[in-house]
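K.L.:
coordinates for the following, if possible.
(4 chains)
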2 protein chains.
Amino acid sequence: MTPTPQPGIEHSTCMAMTDILNRIGDKWTVMVVGMLSRNGTMRFNELKRSISGVSQRMLTLTLRNLERDGLVTRTIFPEIPPRVEYSLTELGRTLKKPIDSLWAWSEQHGEAVGKARGVYDGRQVPARAEAPRRYAGAAG
Amino acid sequence: MTPTPQPGIEHSTCMAMTDILNRIGDKWTVMVVGMLSRNGTMRFNELKRSISGVSQRMLTLTLRNLERDGLVTRTIFPEIPPRVEYSLTELGRTLKKPIDSLWAWSEQHGEAVGKARGVYDGRQVPARAEAPRRYAGAAG
DNA sequence: CGGTATCCATTTGGATACTG
DNA sequence: CAGTATCCAAATGGATACCG
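P.N.:
Numbers count the residues shown, from 1 in each chain, chains lettered A, B, ... in the order given. Just a heads-up that it's a prediction; the model follows:
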């Protein structure tokens, strides 16, 4: 796709970026990586509980993709009941930095974005005394 | 929607992160922000040409979302032919850092990911990615 | 426990046509 | 030039059922 080379940014870089965004941009990847980054090694249902909202199917798919990309290792312990542990590879751990960067941004500016949306949508969120709930509630 | 509080990461932070990821995770946002970050102010078709692959519809939607989120300003010059210029707001410029972080990661590790995929898919050369095949040794 | 398989509603996004 | 409107195919992803 996109056979036309454009000036400014190199085509291959552009492709790589798009590719990476397709991976980390999907609904659950960043959460999974974030959890594994914080907690080290985690079991399947442990991850599922900690993310809370992810379906079994999506968690499985997300983990498979991460494994395929060399970002996560999957270790099966042949026990009864079965145990499967996931952890970040060295490559996966390098993702911590950019993800932390995103995380920090969302903490610092998420509220501003919510406010901007309120303004754009035509309602004046700011000085509203009746329902002072922000879009998601700040850290409290 | 997710009433169950989970340990580890605060719920509100999680929500904000998800929210932000939904914005920057879509197909074109990062490209648009990257272009505006590099080039300053750009016109609609200038952006369209530089991204090359984006449809008019998607570029419009992406820019509208960015404008709604307070990340991009849209300036209409009432001329014939019409001219509309886009640029990042101050808030939008704060996105440069996390996006650069992602960009750097994809430049540094994109190849490793491609290689890992090749290995996972059962071949050494990441030439063409077809439907995800089951790799030998997984089961049966 | 840790999955897989299937079904199906919703979302996404390209193509195309039309407008001021 | 810079959109808007409509249509429709493909991808996404939750729900459910079943399996080793």
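K.L.:
least confident secondary structure element in chain A?
P.N.:
Confidence across the helices and strands of chain A bottoms out at helix A:11-24, with a mean of 80, counting by mean pLDDT, DSSP states H and E.
K.L.:
could you give the angle of that helix to helix B:11-24?
P.N.:
140 degrees (axes from the mean of the first three to the mean of the last three CA atoms, to 10 degrees).
K.L.:
may I see the buried residues of the helix or strand that helix A:11-24 is followed by?
P.N.:
As assigned by DSSP states H and E, the chain's next helix or strand after helix A:11-24 is helix A:29-39. By 16 or more other CB atoms under 10 Å in any protein chain shown, the buried positions in helix A:29-39 come out as A:29, A:30, A:31, A:32, A:33, A:34, A:35, A:36, A:37. Every residue, glycine included, has its C-beta placed from N, CA and C.
K.L.:
for stretch A:102-109, same thing?
P.N.:
Neighbour-count burial for stretch A:102-109 flags A:102, A:103, A:105, A:106, A:107, A:109 (criterion: 16+ other CB under 10 Å).
K.L.:
so which of the residues you listed are also by DNA strand C?
P.N.:
Checked against DNA strand C using CB under 7 Å from any atom of the strand, the buried residues of stretch A:102-109 yield no neighbours at all.
K.L.:
now, which of these sits nearest residue A:83?
P.N.:
residue A:103 (29.3 Å; CB to CB).
K.L.:
tell me the pLDDT of the nearest residue to residue A:88 once chain neighbours are set aside.
P.N.:
Excluding its sequence neighbours, the residue lying closest to residue A:88 (CB to CB, 6 or more residues apart in numbering or on different chains) is residue A:36, at 4.9 Å. At residue A:36, the model reports a pLDDT of 97.
K.L.:
now swap in the one 3 residues further on and tell me
P.N.:
Each residue has a pLDDT score; the one for residue A:39 is 96.
K.L.:
do the same with residue A:102
P.N.:
pLDDT, residue A:102: 89.
K.L.:
need the three-state assignment for it.
P.N.:
Three-state call for residue A:102 (DSSP: H, G, I helix; E, B strand; the rest coil): helix.
K.L.:
skipping its backbone neighbours, what lies nearest residue A:58 in space?
P.N.:
Closest residue in space to residue A:58, ignoring its immediate chain neighbours: residue A:28 at 5.7 Å, by CB to CB, 6+ apart.
K.L.:
what's the burial count for the one you found?
P.N.:
By other CB atoms under 10 Å in any protein chain shown, 22 other residues sit near residue A:28.
K.L.:
which residues touch the residue most central in space within chain A?
P.N.:
For chain A, the residue nearest the mean C-alpha position is residue A:30 (1.8 Å; CA atoms, centre = their mean). By CB atoms under 8 Å, 6 or more residues apart in numbering or on different chains, the contact set of residue A:30 is A:24, A:99, A:102, B:17, B:21.
K.L.:
so the last one touches residue A:28, yeah?
P.N.:
In other words, residue B:21. No: checked against CB atoms under 8 Å, the pair residue B:21 and residue A:28 is beyond contact range at 9.6 Å.
K.L.:
residue A:25 contacts residue B:29, correct?
P.N.:
No: Residue A:25 is not in contact with residue B:29 according to CB under 8 Å; the separation is 9.1 Å.
K.L.:
tell me where the model's unsure across chain A.
P.N.:
For chain A, applying pLDDT under 70 flags the ranges A:1-10, A:123-140.
K.L.:
got the residues of it near DNA strand C?
P.N.:
By the rule CB under 7 Å from any atom of the strand, the part of chain A lying against DNA strand C is A:43-46, A:56-57, A:60, A:63-64, A:74, A:81-84.
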